[in-house]
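Chemist: pasting the structure only:
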RNA sequence: UCCUCGGUAGCUCAAUGGUAGAGCAUGCGGCUGUUAACCGCAGGGUUGCAAGUUCGAGUCUUGCCCGGGGAGCCA
């Protein structure tokens, strides 16, 4: 709150919309942008957006000066202005509070704003991302992202972890597999944008005990799906003296903490996104843990086939119902009243979108069923296999002890089964896929050297990493959590491009 | 890289091979409780690009460009 003595002696109190509840009955000033307006002849409703919420500001011709009344009418969408007036609770208002405006001051009349309060396609919105983030939905997502990041930092800070920043420019590929962004680095040849801070994190854990690396990560792969960005944020804790079980326990407590914090802090935003919070309330430890071998058995089981069939049947039923509704509406269209027609037009668009989704699902489900049934023991889990597995549980599932052959060179082998790596992935429910990948690390110098040879990696660039095994090697573990996938899951949105202010994708690097 | 879908007014979408339309947005007029406000009027088009088939192409064919979704890979 900002209080200022005005020249004529009255107090001017600046407040944010999110704090309006504390100012009911008193006069305050709001500063913001015009989100929308509705006009009557002698009454004007201005929906003010200030970044913290929306407030309906009511002007009537005889409650404001003639000059203010006229200038209020010049306001276009996203024009900036300030209003002063009394705050009132009102059921009819979005947000629950309204202002009866006494004075209004126009700061800037906006040019015709491209993003209208109607539907737009992603093609149209993506190049206007710098404006798109002003919309309610995008603002809600970005606020939730903020809470998630704060919850991540608090979780580790409160448990004695030290923030440990890994370099972004690195001399070599960490895992030697993915395609990296490359740049010239003076006389030292090529440098690459990091794809993981993990190896550096291991050095940090040996120095400080428990650390977390938190920063941007880059992948130059031509991945074009709703789960991929070329630039994304990853948090990677690394702990000395942690074995795989400790690692999994930390991961489930970590995820639960994030989800419960968002439920507590961002009720309003989750409601704005129409997120089903019941599904999030469940997210508490312990998470189900299945070994890779058990997961493969589950994929091969009759029950998996039945679950897919059930989903096919449900999709077909929904398709029938929607088609029937569409036909019914079209049949009666000519007899409908004007307003009913419009309502139906809007509904028709909704139905069409949903029908497209169902069509795609119906194309995919039989393939998923086949893929699960014929899953080859020893292969890595595919996207659809992961999705099918998550159907068994009401919270994230941890899959552990993958075949060593499909995992990174630095992962420790399972002493009870040399073909397995002490690796674990956490799969988010509702088809959001892998949000965590982690492992216990190989701490034996000789084994690690062997892995490096097996993977055909240049030993010389890993010498510093090998030193960690030469000078007081200890068992240690860690994992990486993808921030954007976590935001997408918690928000219940279908694409990671809306989870970061300015997404970087293979076909888009601006604005 | 592969598979698949798409590109029509500022936006969202219609249009059996036969005169390119609607809603919203914009402008003007009306309305003192609107909730994506409503009612009336008006302006607004090189149908992504190029070629072909045809009396006639938004519609059919071929090529190209751009984008969406998915696979692979991954967080």
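Modeler: Okay, I see it. Quick caveat: nothing in here was measured; it's all calculated off a predicted structure.

Chemist: does RNA strand B sit close to the helix or strand harbouring residue A:29?
Modeler: Element membership for residue A:29 (DSSP states H and E) is strand A:27-39. Yes: Strand A:27-39 comes into contact with RNA strand B (Cβ under 7 Å from any atom of the strand), by way of A:36, A:38-39. C-beta: built from backbone N, CA, C; applies to glycine.

Chemist: quick check: PyMOL command selecting the buried ones in those.
Modeler: In PyMOL syntax, the buried subset of these is picked out as below (16 or more other Cβ atoms under 10 Å):
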select buried, chain A and resi 36
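
Chemist: what strands line up against whatever helix or strand comes next after the strand holding residue A:29, and which way round?
Modeler: Proceeding N to C from strand A:27-39, the next assigned helix or strand is strand A:43-49, under DSSP H and E. In the sheet, strand A:43-49 lines up against strand A:27-39 (antiparallel), strand A:54-60 (antiparallel) (DSSP bridges).

Chemist: now those strands in JSON lines, with mean pLDDT?
Modeler: Formatted as JSON lines, these follow (pLDDT from 0 to 100):
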{"stretch": "strand A:27-39", "mean pLDDT": "91"}
{"stretch": "strand A:54-60", "mean pLDDT": "90"}
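
Chemist: out of those strands, which one sits most buried?
Modeler: Across these, averaging neighbours per residue (mean count of other Cβ atoms under 10 Å) puts strand A:54-60 on top, at a mean of 21.

Chemist: what lies in contact with the very next helix or strand once past that one?
Modeler: Scanning forward in sequence from strand A:54-60 by DSSP H and E, the next helix or strand is helix A:66-73. With Cβ atoms under 8 Å, 6 or more residues apart in numbering as the test, helix A:66-73 has contacts from A:39, A:44, A:46, A:59, A:61, A:64, A:101, A:103-106.

Chemist: so after helix A:66-73, what's the next helix or strand?
Modeler: Counting by DSSP H and E, what follows helix A:66-73 is strand A:80-89.

Chemist: how close does whichever residue of chain A sits closest to RNA strand B sit to residue A:510?
Modeler: RNA strand B sits closest to residue A:41 of chain A, with a gap of 2.2 Å, by Cβ to the nearest atom of the strand. According to Cβ to Cβ, to the nearest Å, residue A:41 stands 45 Å off from residue A:510.

Chemist: try residue A:125
Modeler: Going from residue A:125 to residue A:510 by Cβ to Cβ gives 14 Å.

Chemist: quick one: low-confidence ranges for the stretch 351-500 of chain A?
Modeler: Within the stretch 351-500 of chain A, the ranges that satisfy pLDDT under 70 run A:351-353.

Chemist: can you check the stretch 151-300 of chain A too?
Modeler: A:173-178.

Chemist: and the strands in it?
Modeler: A:162-163, A:169-170, A:182-184, A:190-193, A:210-218, A:231-240, A:289-291 (DSSP state E, counting those that start in this stretch).

Chemist: quick one: those as a markdown table, columns for mean neighbour count too.
Modeler: Shown next, in a markdown table, are the strands of the stretch 151-300 of chain A (neighbours: other Cβ atoms under 10 Å):
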| stretch | mean neighbour count |
| --- | --- |
| strand A:162-163 | 14 |
| strand A:169-170 | 15 |
| strand A:182-184 | 10 |
| strand A:190-193 | 17 |
| strand A:210-218 | 21 |
| strand A:231-240 | 23 |
| strand A:289-291 | 18 |
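
Chemist: output the ones you listed as JSON lines; include the columns distance to RNA strand B.
Modeler: JSON lines is the format used below for the strands of the stretch 151-300 of chain A (distance: least, Cβ to the nearest atom of the strand, whole Å):
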{"stretch": "strand A:162-163", "distance to RNA strand B": "19"}
{"stretch": "strand A:169-170", "distance to RNA strand B": "15"}
{"stretch": "strand A:182-184", "distance to RNA strand B": "16"}
{"stretch": "strand A:190-193", "distance to RNA strand B": "13"}
{"stretch": "strand A:210-218", "distance to RNA strand B": "7"}
{"stretch": "strand A:231-240", "distance to RNA strand B": "4"}
{"stretch": "strand A:289-291", "distance to RNA strand B": "17"}
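
Chemist: between these, which one is nearest to residue A:138?
Modeler: strand A:231-240 (17.3 Å; Cβ to Cβ).

Chemist: quick check: angle from the closest one to strand A:210-218?
Modeler: For strand A:231-240 against strand A:210-218, the angle by axes from the mean of the first three to the mean of the last three Cα atoms, to 10 degrees is 160 degrees.

Chemist: for the stretch 351-500 of chain A, what lies in contact range of RNA strand B?
Modeler: Within the stretch 351-500 of chain A, the positions adjacent to RNA strand B are A:352, A:360, A:364, A:380, A:382-384, A:386, A:406, A:433-437, A:480-482, A:484-485, A:495-497 by Cβ under 7 Å from any atom of the strand.

Chemist: please pick the buried ones from these.
Modeler: A:384, A:386, A:433-437, A:480-482, A:484-485, A:495-497.

Chemist: among the residues you listed, which are located in strands?
Modeler: A:433-437, A:480-482 (DSSP state E).

Chemist: returning to what we had before: who's more crowded, residue A:125 and residue A:510?
Modeler: Legend: neighbour count by other Cβ atoms under 10 Å for residue A:125 and residue A:510, higher for residue A:125 (18 against 9).

Chemist: that one is in what secondary structure piece?
Modeler: For residue A:125, the enclosing helix or strand under DSSP H and E is helix A:122-125.

Chemist: that helix and RNA strand B, any residue contact?
Modeler: Yes: using Cβ under 7 Å from any atom of the strand, helix A:122-125 reaches RNA strand B at A:122-124.

Chemist: could I get these in a markdown table, plus columns for pLDDT and neighbour count?
Modeler: Below are the residues of helix A:122-125 next to RNA strand B laid out as a markdown table (pLDDT from 0 to 100; neighbours: other Cβ atoms under 10 Å):
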| residue | pLDDT | neighbour count |
| --- | --- | --- |
| A:122 | 82 | 10 |
| A:123 | 79 | 7 |
| A:124 | 83 | 12 |
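
Chemist: closest to residue A:390 among the residues you listed?
Modeler: Proximity of the residues of helix A:122-125 next to RNA strand B to residue A:390 (Cβ to Cβ) peaks at residue A:122, which lies at 25.9 Å.
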